[in-house]
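> Show me how the following folds:
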Amino acid sequence: MKNYSDSKYTERMHFGTLLHLSVALYVSLTVLGEPAWAANTPVRSTTLSPSAVGPDVLESYLSPTHQVAQELQSGFNRLGRMCTYGTVTPQPNSSELDLLATQVGQSRDQLRNVQVQIKSALAEFHQNSSLSRASYCRVVPTLSLLGVACQAYRQDASLAASVVRVADQLTAEAALRLDLYEKYAQLEARGCTRPGFAIKLWQTEQNLLWPLVVDSPGFFRRQLVPAK
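The predicted structure is shown next:
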(Lines give C-alpha, C1' and ligand atoms only; values in the text may rest on other atoms or scores of the structure.)
Protein backbone atom coordinates (compact mmCIF):
# COMPACT_ATOMS: atom_id res chain seq x y z
CA MET A 1 0.00 0.00 0.00
CA LYS A 2 1.37 3.38 -0.93
CA ASN A 3 1.21 6.49 1.18
CA TYR A 4 1.47 10.21 0.67
CA SER A 5 4.16 12.68 1.58
CA ASP A 6 4.73 14.42 4.89
CA SER A 7 4.26 17.82 3.28
CA LYS A 8 0.94 16.84 1.71
CA TYR A 9 -0.40 15.54 5.00
CA THR A 10 0.80 18.55 6.98
CA GLU A 11 -0.87 20.83 4.44
CA ARG A 12 -4.16 18.98 4.83
CA MET A 13 -3.98 19.21 8.60
CA HIS A 14 -3.42 22.96 8.31
CA PHE A 15 -6.46 23.12 6.02
CA GLY A 16 -8.71 21.45 8.58
CA THR A 17 -7.42 23.57 11.43
CA LEU A 18 -7.86 26.78 9.46
CA LEU A 19 -11.42 25.92 8.54
CA HIS A 20 -12.25 25.20 12.19
CA LEU A 21 -10.77 28.57 13.14
CA SER A 22 -12.54 30.36 10.30
CA VAL A 23 -15.93 29.00 11.32
CA ALA A 24 -15.38 30.02 14.94
CA LEU A 25 -14.15 33.48 14.01
CA TYR A 26 -16.91 34.16 11.49
CA VAL A 27 -19.60 33.12 13.91
CA SER A 28 -18.18 35.10 16.83
CA LEU A 29 -17.35 38.27 14.91
CA THR A 30 -20.16 38.57 12.43
CA VAL A 31 -22.29 40.80 14.70
CA LEU A 32 -19.30 42.79 15.97
CA GLY A 33 -17.36 43.66 12.85
CA GLU A 34 -15.95 42.35 9.63
CA PRO A 35 -15.11 38.62 9.86
CA ALA A 36 -11.36 38.04 10.11
CA TRP A 37 -9.41 35.32 8.36
CA ALA A 38 -7.47 32.86 10.50
CA ALA A 39 -4.72 32.57 7.91
CA ASN A 40 -2.11 34.15 10.19
CA THR A 41 -3.11 32.18 13.26
CA PRO A 42 -0.44 29.68 14.35
CA VAL A 43 -1.57 26.08 13.92
CA ARG A 44 -0.15 22.87 15.26
CA SER A 45 1.71 20.88 12.64
CA THR A 46 0.95 17.17 12.45
CA THR A 47 2.98 14.96 10.18
CA LEU A 48 2.65 11.41 8.97
CA SER A 49 5.62 9.09 8.84
CA PRO A 50 6.51 8.10 5.26
CA SER A 51 6.62 4.50 6.45
CA ALA A 52 3.04 4.52 7.72
CA VAL A 53 0.71 2.14 5.93
CA GLY A 54 -2.61 0.46 6.60
CA PRO A 55 -5.90 1.76 8.03
CA ASP A 56 -4.10 4.58 9.88
CA VAL A 57 -3.22 6.16 6.53
CA LEU A 58 -6.88 6.10 5.51
CA GLU A 59 -7.96 7.62 8.82
CA SER A 60 -5.28 10.28 8.52
CA TYR A 61 -6.70 11.36 5.18
CA LEU A 62 -9.96 12.13 6.99
CA SER A 63 -8.31 14.01 9.85
CA PRO A 64 -8.60 17.54 8.38
CA THR A 65 -12.38 17.10 8.04
CA HIS A 66 -13.01 15.84 11.57
CA GLN A 67 -15.79 17.81 13.26
CA VAL A 68 -15.95 20.46 10.52
CA ALA A 69 -19.59 19.66 9.77
CA GLN A 70 -20.36 19.76 13.49
CA GLU A 71 -18.61 23.13 13.78
CA LEU A 72 -20.63 24.46 10.86
CA GLN A 73 -23.87 23.13 12.33
CA SER A 74 -23.07 24.62 15.73
CA GLY A 75 -22.28 27.98 14.16
CA PHE A 76 -25.48 27.88 12.12
CA ASN A 77 -27.54 27.09 15.22
CA ARG A 78 -25.94 29.96 17.12
CA LEU A 79 -26.54 32.46 14.36
CA GLY A 80 -30.10 31.20 13.98
CA ARG A 81 -30.81 31.86 17.65
CA MET A 82 -29.26 35.31 17.45
CA CYS A 83 -31.37 36.05 14.40
CA THR A 84 -34.56 34.84 16.08
CA TYR A 85 -34.24 37.19 19.04
CA GLY A 86 -32.68 40.16 17.26
CA THR A 87 -33.84 42.75 14.77
CA VAL A 88 -32.80 41.90 11.23
CA THR A 89 -33.25 43.47 7.82
CA PRO A 90 -33.55 41.15 4.82
CA GLN A 91 -30.74 41.60 2.31
CA PRO A 92 -31.46 42.57 -1.30
CA ASN A 93 -30.70 40.05 -4.01
CA SER A 94 -26.98 39.35 -3.94
CA SER A 95 -24.77 38.23 -6.81
CA GLU A 96 -22.52 36.56 -4.23
CA LEU A 97 -25.37 34.42 -2.93
CA ASP A 98 -26.31 33.54 -6.50
CA LEU A 99 -22.71 32.53 -7.15
CA LEU A 100 -22.63 30.43 -4.00
CA ALA A 101 -25.81 28.60 -5.02
CA THR A 102 -24.36 27.88 -8.46
CA GLN A 103 -21.03 26.66 -7.10
CA VAL A 104 -22.62 24.47 -4.45
CA GLY A 105 -24.74 22.88 -7.17
CA GLN A 106 -21.63 22.24 -9.24
CA SER A 107 -19.91 20.75 -6.22
CA ARG A 108 -22.80 18.34 -5.73
CA ASP A 109 -22.21 17.15 -9.29
CA GLN A 110 -18.51 16.77 -8.47
CA LEU A 111 -19.37 14.77 -5.38
CA ARG A 112 -21.52 12.35 -7.36
CA ASN A 113 -18.64 11.92 -9.82
CA VAL A 114 -16.25 11.29 -6.93
CA GLN A 115 -18.51 8.55 -5.61
CA VAL A 116 -18.63 6.90 -9.04
CA GLN A 117 -14.84 7.00 -9.31
CA ILE A 118 -14.39 5.47 -5.86
CA LYS A 119 -16.77 2.65 -6.73
CA SER A 120 -14.82 2.05 -9.92
CA ALA A 121 -11.52 1.89 -8.00
CA LEU A 122 -13.00 -0.63 -5.57
CA ALA A 123 -14.37 -2.74 -8.41
CA GLU A 124 -10.97 -2.82 -10.09
CA PHE A 125 -9.32 -3.79 -6.81
CA HIS A 126 -11.82 -6.60 -6.34
CA GLN A 127 -11.18 -7.87 -9.84
CA ASN A 128 -7.37 -7.71 -9.62
CA SER A 129 -6.91 -8.98 -6.07
CA SER A 130 -7.39 -12.25 -4.24
CA LEU A 131 -10.98 -11.21 -3.57
CA SER A 132 -11.91 -12.56 -7.00
CA ARG A 133 -9.29 -15.33 -7.23
CA ALA A 134 -9.81 -16.86 -3.79
CA SER A 135 -13.41 -16.18 -2.88
CA TYR A 136 -13.55 -19.58 -1.16
CA CYS A 137 -11.48 -18.01 1.62
CA ARG A 138 -14.62 -16.36 2.93
CA VAL A 139 -15.66 -19.68 4.50
CA VAL A 140 -12.22 -21.02 5.45
CA PRO A 141 -11.45 -20.93 9.21
CA THR A 142 -8.55 -18.62 9.98
CA LEU A 143 -6.64 -21.18 12.05
CA SER A 144 -6.99 -24.03 9.59
CA LEU A 145 -4.15 -25.22 7.35
CA LEU A 146 -5.91 -23.76 4.32
CA GLY A 147 -6.56 -20.61 6.28
CA VAL A 148 -2.86 -19.79 6.21
CA ALA A 149 -3.04 -19.70 2.43
CA CYS A 150 -5.90 -17.19 2.71
CA GLN A 151 -3.88 -14.51 4.46
CA ALA A 152 -3.69 -12.30 1.35
CA TYR A 153 -7.46 -12.62 0.90
CA ARG A 154 -8.10 -11.49 4.47
CA GLN A 155 -5.74 -8.54 4.05
CA ASP A 156 -7.41 -7.49 0.81
CA ALA A 157 -10.87 -7.86 2.33
CA SER A 158 -9.87 -5.76 5.32
CA LEU A 159 -8.37 -3.07 3.11
CA ALA A 160 -11.44 -2.89 0.88
CA ALA A 161 -13.73 -2.63 3.92
CA SER A 162 -11.60 0.18 5.37
CA VAL A 163 -11.68 2.13 2.11
CA VAL A 164 -15.46 1.74 1.86
CA ARG A 165 -15.92 2.97 5.44
CA VAL A 166 -13.60 5.97 5.09
CA ALA A 167 -14.94 6.91 1.64
CA ASP A 168 -18.53 6.74 2.86
CA GLN A 169 -17.69 9.00 5.81
CA LEU A 170 -15.78 11.46 3.62
CA THR A 171 -18.55 11.80 1.04
CA ALA A 172 -21.38 11.86 3.59
CA GLU A 173 -19.73 14.68 5.53
CA ALA A 174 -19.01 16.55 2.30
CA ALA A 175 -22.70 16.36 1.35
CA LEU A 176 -23.69 17.60 4.80
CA ARG A 177 -21.32 20.55 4.54
CA LEU A 178 -22.82 21.53 1.18
CA ASP A 179 -26.27 21.57 2.77
CA LEU A 180 -24.98 23.76 5.58
CA TYR A 181 -23.42 26.33 3.26
CA GLU A 182 -26.82 26.73 1.59
CA LYS A 183 -28.36 27.23 5.02
CA TYR A 184 -25.78 29.90 5.84
CA ALA A 185 -26.70 31.63 2.59
CA GLN A 186 -30.36 31.60 3.65
CA LEU A 187 -29.42 33.20 6.97
CA GLU A 188 -27.53 35.92 5.15
CA ALA A 189 -30.46 36.56 2.81
CA ARG A 190 -32.65 37.05 5.88
CA GLY A 191 -30.22 39.68 7.16
CA CYS A 192 -28.88 37.52 10.01
CA THR A 193 -25.24 38.04 9.02
CA ARG A 194 -23.14 40.67 7.34
CA PRO A 195 -23.22 40.67 3.52
CA GLY A 196 -20.55 38.38 2.14
CA PHE A 197 -20.46 36.12 5.19
CA ALA A 198 -21.67 32.95 3.43
CA ILE A 199 -19.48 33.31 0.35
CA LYS A 200 -16.35 33.82 2.46
CA LEU A 201 -17.15 30.74 4.50
CA TRP A 202 -17.76 28.80 1.29
CA GLN A 203 -14.50 30.03 -0.21
CA THR A 204 -12.71 28.67 2.84
CA GLU A 205 -14.17 25.25 2.05
CA GLN A 206 -13.28 25.56 -1.62
CA ASN A 207 -9.68 26.51 -0.95
CA LEU A 208 -8.97 24.24 1.99
CA LEU A 209 -11.16 21.15 2.16
CA TRP A 210 -12.99 20.56 -1.09
CA PRO A 211 -9.76 19.53 -2.90
CA LEU A 212 -9.55 16.72 -0.35
CA VAL A 213 -12.88 15.41 -1.62
CA VAL A 214 -12.07 15.83 -5.30
CA ASP A 215 -8.66 14.18 -4.92
CA SER A 216 -9.96 11.26 -2.87
CA PRO A 217 -10.52 8.77 -5.74
CA GLY A 218 -6.86 9.01 -6.68
CA PHE A 219 -5.80 8.66 -3.06
CA PHE A 220 -7.96 5.58 -2.51
CA ARG A 221 -6.77 4.05 -5.77
CA ARG A 222 -3.16 4.42 -4.64
CA GLN A 223 -3.96 2.65 -1.37
CA LEU A 224 -5.81 -0.22 -3.04
CA VAL A 225 -2.77 -2.38 -3.74
CA PRO A 226 -3.44 -6.17 -3.54
CA ALA A 227 -1.55 -8.12 -0.90
CA LYS A 228 1.19 -10.42 -2.15
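
> Now T84: which helix or strand?
For T84, the host element (DSSP states H and E) is helix 68-85.

> Please apply the same query to R194.
Here R194 is covered by no helix or strand, with elements defined by DSSP H and E.

> what about it, how many neighbours?
The local packing of R194 (other Cβ atoms under 10 Å) involves 18 other residues. Glycine gets a C-beta too; all of them are placed from N, C-alpha and C.

> just the one 3 residues further on next, same as before
Taking other Cβ under 10 Å as the criterion, the count of residues near F197 is 22.

> Got the phi and psi for P90?
Main-chain torsions, P90, degrees, to the nearest 10: phi -50, psi 140.

> pretty sure it is touching C192, no?
No - because the distance of 9.5 Å does not satisfy Cβ atoms under 8 Å, P90 is recorded as not touching C192.

> out of the two, which sits in the more crowded spot?
For P90 versus C192, the count of surrounding residues by other Cβ under 10 Å is larger for C192: 24 against 9.

> Skipping its backbone neighbours, what lies nearest that one in space?
Ranked by Cβ to Cβ, 6 or more residues apart in numbering and with sequence neighbours excluded, the top spatial neighbour of C192 is C83, at 3.5 Å.

> Likewise for Q155?
Once flanking residues are discounted, Q155 sits nearest to A227: 3.9 Å by Cβ to Cβ, 6+ apart.

> now the end-to-end length of stretch 219-228.
Taking Cα to Cα, to the nearest Å, the span from the opening residue of stretch 219-228 to its closing residue is 20 Å.

> right, and the helix or strand after the helix ranked longest in the chain?
Secondary structure assigned by DSSP state H gives helix 151-189 as the longest helix of the chain. Scanning the chain past helix 151-189 towards its C-terminal end, the next helix or strand to appear is helix 197-208 (assignment: DSSP H and E).

> could you say what helices and strands that next one packs with?
With contacts defined as 3 or more Cβ pairs under 8 Å, 6 or more residues apart in numbering; DSSP states H and E, the packing partners of helix 197-208 are helix 6-29, helix 95-128, helix 151-189.

> Quick check: buried residues in that helix?
Of the residues in helix 197-208, those buried by neighbour count under the rule 16 or more other Cβ atoms under 10 Å are 197-202, 204-205, 208.

> Tell me the helix or strand right after the helix or strand of the chain with the lowest mean pLDDT.
Evaluated with mean pLDDT, DSSP states H and E, the helix-and-strand set of the chain has its lowest mean pLDDT in helix 6-29, which scores a mean of 47. Scanning the chain past helix 6-29 towards its C-terminal end, the next helix or strand to appear is helix 55-62 (assignment: DSSP H and E).

> average model confidence for that next one?
In this model, helix 55-62 has a mean pLDDT of 84.

> Same check on stretch 90-108?
Model confidence over stretch 90-108, given as mean pLDDT, is 90.

> hmm, who's touching it?
With contacts defined as Cβ atoms under 8 Å, 6 or more residues apart in numbering, stretch 90-108 is touched by 175, 178, 181-182, 185, 188-191, 195-196, 198-199, 202, 206, 210.

> redo that, cut-off 7 Å
The list of residues contacting stretch 90-108 from outside it, by Cβ atoms under 7 Å, 6 or more residues apart in numbering, reads 178, 181-182, 185, 188-191, 195-196, 198-199, 202, 210.

> quick one on the thing from earlier: please identify which of the helices and strands packed on helix 197-208 is closest to L72.
The stretch from these with the least distance to L72 (Cβ to Cβ) is helix 151-189; that distance is 4.4 Å.
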